[in-house]
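Participant: here's my sequence, what's the structure:
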Amino acid sequence: VLLMIFCQFCEIFSYYGIKVVLLIFFINYFHWNTEMSTSVYHTFSAFFFVTPMAGAIVADLLLGKFYTIITLMICLFMGHVLLLLGAFPHIGGSSVHIGLSILGLGLITVGTGAIKPCLTAFGGDQFEEEHQKERKRYLVLIFVSVKLSSLCSTFITPFIREYVQCFGGDCYALAFGVAAALMVVALGIFIGGTKLYIRLPQEGNDLKNICKCTGTAIIRCLKSKRTSPGRNHWLEWAEEEYPRDSNQKVKQLCWIFFLFIPLPMFWAVFEQKGSWWTLQASQMNRHLIHSCIVFFFPVVKLLNPILVLLFIFILEMGKKCCPCRCPITPLRKLFIGFIFAVLASIAAAVVEILVIVRFMEPAHDKECLLQVLNLVKGEPVSVELTGHNIFPDRFQSFKDPVKYTRLPLGDAHRVLPVSVSQSGVTHQCKLNASESTAYSLILFGKDSVIKCKLEEDHIIKSENREAFIRFINSHAKNITITLESTNLFAVGNHGISETAKVKGGKYVEVTISIEAATHYVELGLLDFGATYTFIIDRDAEKVVLHKMEEVHASRRHVALQVPQYIFISAAEVLFYITGTEFFYSQAPDGMKSLVQAYWLLNTAFGNLIVL
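Facilitator: Sure, this is the predicted structure:
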């Protein structure tokens, strides 16, 4: 049993190890958008919980649990190897990477999903009928090993991906390689304990008899509905051909499957923990203690396994120490777990509303977004667009823009007449704008005349620990800016560099090269999720930087997600452990693997609801 618990630990570590970085892998490595990435993620999760049915049938009818487990472990290892190869940037192009990764994920889905009911049932087979308490303890230990492996993989794999560099970027290959190595260990350990296992004979005959009994009862019920008197239960139509024992097993299964009907709603909430909750966390602030410490990305996700283990400990201690043992039935525990899942969903929705408020919704058709960057020294300026009164206030020099303003265009493209006034003098500009685009209207002085330049902006927040920056060069000469390994170039006379994505953090020494001269400047903190524009000015022989924050950093702290993780962890303990124990005990003899597979199938339906 201990060998199987350790095998379960390795198998779950490999699964969660890839799952925790899978969404970010799709977005950053394949460059898929959020909708595409989450759709593939939930499809992967859904099929993972569909395949247990196939594993249970193969184990009961063909190979038996032992050989089915070995076959599926080999399948898992091959899937991890293909996923590892797909993460090597030098092997083929993007289509090869996607093909290898999807094929690898397919094998992992089949292997990990199909092996689940086999391992659980095979472990239960190691206990005699008089050892019911030990069997129940084994199921709890299986769940604890799942959570411990989830805890380790949720920390180790993303840490490797984010902080270990290979091939000039995040090291997905090493992260996937760790998972593949663990599957080799699990396979070796499981085969090594072959002589220690109790291997019961295959239970396929029971499954065949139950299927035949059900089919016969349905056919006879439909045929005899009008010609024969009714019976108390539709299964009684098969009593003449099949023994009462088979009828009782089918009745038990029908009752269990009836209880399964509402369960997918729970898993629909629970599975969002790995997709939408992850994206929600990626849009939140992870700084601690005045930006001196940055939370490691999945630190909040670590709360789930930690809280689950804590809640299990509290419940077990409560059973031993509490003198008034309240008679809470398994069905009541399942209902309470549902309530906690609903509370988790409400808490996540509240946080999502708070996060969305901080984000600028992209421009729609026949409109654009517009903000003003005033680089004109002296008195504040006022800006007017003919036919629109969208800028009632004047703009100070080198101040952060207040916010983007929605400007109706009435068409896909439009010429915007702009009037800029300073100290009673008005200057005219004409700008070409396109729909569904965000712009900065950059004002600068040249030969005592205010000039205008319309520059397309990047307003999408990074889903990694990054900020976006660009430079405006007010010098007459060209300038090169060097930030670590990033080089940006801006031509003279208010030329604008391209927008670069850099790691968030403090930049105290950045190199600015103006022909043969080199200057060092400090950019300060580049906050996660923000977009900055730096205006390079000159005061005598010194380079002066003006920093403007166009898209504000993520202000809502990731700690706001803690309540939803507390609720979902409490729900998981009450729901998953109770459900596994209850449905295992209620399943007919010879149908344990099948019922466990149906129990997991509800998670697939939950993922389909999310899709």
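Participant: beta partners for His546?
Facilitator: With DSSP bridges applied, His546 shows beta-bridge pairing to Ile535.
Participant: got a list of what it touches?
Facilitator: When contacts are counted by C-beta atoms under 8 Å, 6 or more residues apart in numbering, His546 touches 375, 398, 534-535, 537. In short, each C-beta sits where N, CA and C put it, glycine included.
Participant: of all these, which comes closest to Thr603?
Facilitator: Ranked by distance to Thr603 (C-beta to C-beta), those are led by Phe534 at 48.9 Å.
Participant: burial count for that closest one?
Facilitator: 22 (other C-beta atoms under 10 Å).
Participant: quick one: it and Ala87, what's the gap?
Facilitator: 35 Å (C-beta to C-beta, to the nearest Å).
Participant: and the contacts of His546, which two are furthest apart?
Facilitator: Farthest pair in those (C-beta to C-beta) is Leu375 and Phe534. Separation: 11.4 Å.
Participant: how about Ala587, phi and psi?
Facilitator: phi -70, psi 140 (degrees, to the nearest 10).
Participant: what sits against it?
Facilitator: Listed by C-beta under 8 Å, 6+ apart, the contact partners of Ala587 are 252-253, 256, 594-596.
Participant: kindly recompute the last result at 10 Å.
Facilitator: 121, 249, 252-253, 256, 593-596, 598-599 (C-beta atoms under 10 Å, 6 or more residues apart in numbering).
Participant: same question, Trp255
Facilitator: Neighbouring residues of Trp255 by C-beta under 10 Å, 6+ apart: Gln586.
Participant: what about it, helix or strand, and which?
Facilitator: Using DSSP states H and E, Trp255 maps to helix 244-259.
Participant: name the helices or strands packed onto the helix or strand that that helix is followed by?
Facilitator: Later in the chain than helix 244-259, the nearest helix or strand by DSSP H and E is helix 263-270. Counting contacts by 3 or more C-beta pairs under 10 Å, 6 or more residues apart in numbering; DSSP states H and E, helix 263-270 is packed against helix 34-48, helix 330-357, helix 562-572, helix 578-586, helix 592-610.
Participant: quick one: the strands in the stretch 101-250 of the chain?
Facilitator: In the stretch 101-250 of the chain, the strands defined using DSSP state E, counting those that start in this stretch lie at 165-166, 169-170.
Participant: comparing those, which gets the lowest mean pLDDT score?
Facilitator: The weakest mean pLDDT among the strands of the stretch 101-250 of the chain belongs to strand 169-170, with a mean of 68.
Participant: got phi/psi on Glu498?
Facilitator: Glu498 adopts backbone torsions of phi -70, psi 160, taken as degrees, to the nearest 10.
Participant: I'd say it and Glu456 touch.
Facilitator: No: using C-beta atoms under 10 Å as the test, Glu498 is too far from Glu456 to be in contact (11.1 Å).
Participant: re the thing from before, need the residues touching each of Leu375 and Phe534.
Facilitator: Common neighbours of Leu375 and Phe534, counting by C-beta under 10 Å, 6+ apart, are 472, 546, 548.
Participant: just to be sure, the last one is in a strand?
Facilitator: Yes: counting by DSSP: H, G, I helix; E, B strand; the rest coil, Met548 falls inside a strand.
Participant: can you tell me, leaving aside adjacent residues, what's nearest to it?
Facilitator: Thr533 (4.7 Å; C-beta to C-beta, 6 or more residues apart in numbering).
Participant: for that neighbour, give me its contacts.
Facilitator: 373, 375, 400-401, 440, 442, 455, 457, 468-472, 496-497, 499, 546-550.
Participant: doesn't it lie inside a strand?
Facilitator: Yes: assigned with three-state DSSP, Thr533 falls within a strand.
Participant: just to revisit the earlier point, so which of the contacts of Ala587 wins on neighbours?
Facilitator: Neighbour counts for the contacts of Ala587 (other C-beta under 10 Å) peak at Ser593, which has 30 neighbours.
Participant: and that residue, what pLDDT?
Facilitator: pLDDT, Ser593: 69.
Participant: so what's Ala500 up against?
Facilitator: Contacts for Ala500 (C-beta under 10 Å, 6+ apart) come out as 458, 466-471, 481, 483, 486-488.
Participant: and which of these is nearest Ile312?
Facilitator: For the contacts of Ala500, the minimum distance to Ile312 (C-beta to C-beta) is 37.6 Å, reached by Glu466.
Participant: thought Thr499 was touching the closest one, still the case?
Facilitator: No: Glu466 sits out of contact with Thr499 when judged by C-beta under 10 Å, with a separation of 11.6 Å.
Participant: what do the two both touch?
Facilitator: Here Glu466 and Thr499 have no joint contacts, going by C-beta under 10 Å, 6+ apart.
Participant: now do the contacts for Glu361.
Facilitator: 369, 404, 406, 459.
Participant: just give me the least confident of those residues.
Facilitator: pLDDT across these is lowest for Ile459, at 78.
Participant: against which helices or strands is the helix or strand hosting Phe9 packed?
Facilitator: Counting by DSSP H and E, the element that carries Phe9 is helix 2-28. In terms of contacts (3+ C-beta pairs under 10 Å, 6+ apart), helix 2-28 is packed against helix 34-48, helix 64-86, helix 94-124, helix 132-163, strand 169-170, helix 172-192, helix 276-282.
Participant: pLDDT weak spots in the stretch 451-600 of the chain?
Facilitator: Scanning the stretch 451-600 of the chain for pLDDT under 70 picks out 461-465, 539-541, 589-590, 593.
Participant: and this structure, what are its domain boundaries?
Facilitator: 2-203+262-358+556-610, 204-249, 362-457, 465-553 (automatic domain parsing).
Participant: what about the shortest one, average pLDDT?
Facilitator: Yep, that's domain 204-249 we're talking about. For domain 204-249, mean pLDDT rounds to 64.
Participant: likewise stretch 333-349?
Facilitator: What stretch 333-349 shows for mean pLDDT is 91.
Participant: excluding sequence neighbours, find me the nearest residue to Ser14.
Facilitator: Ala179 (3.8 Å).
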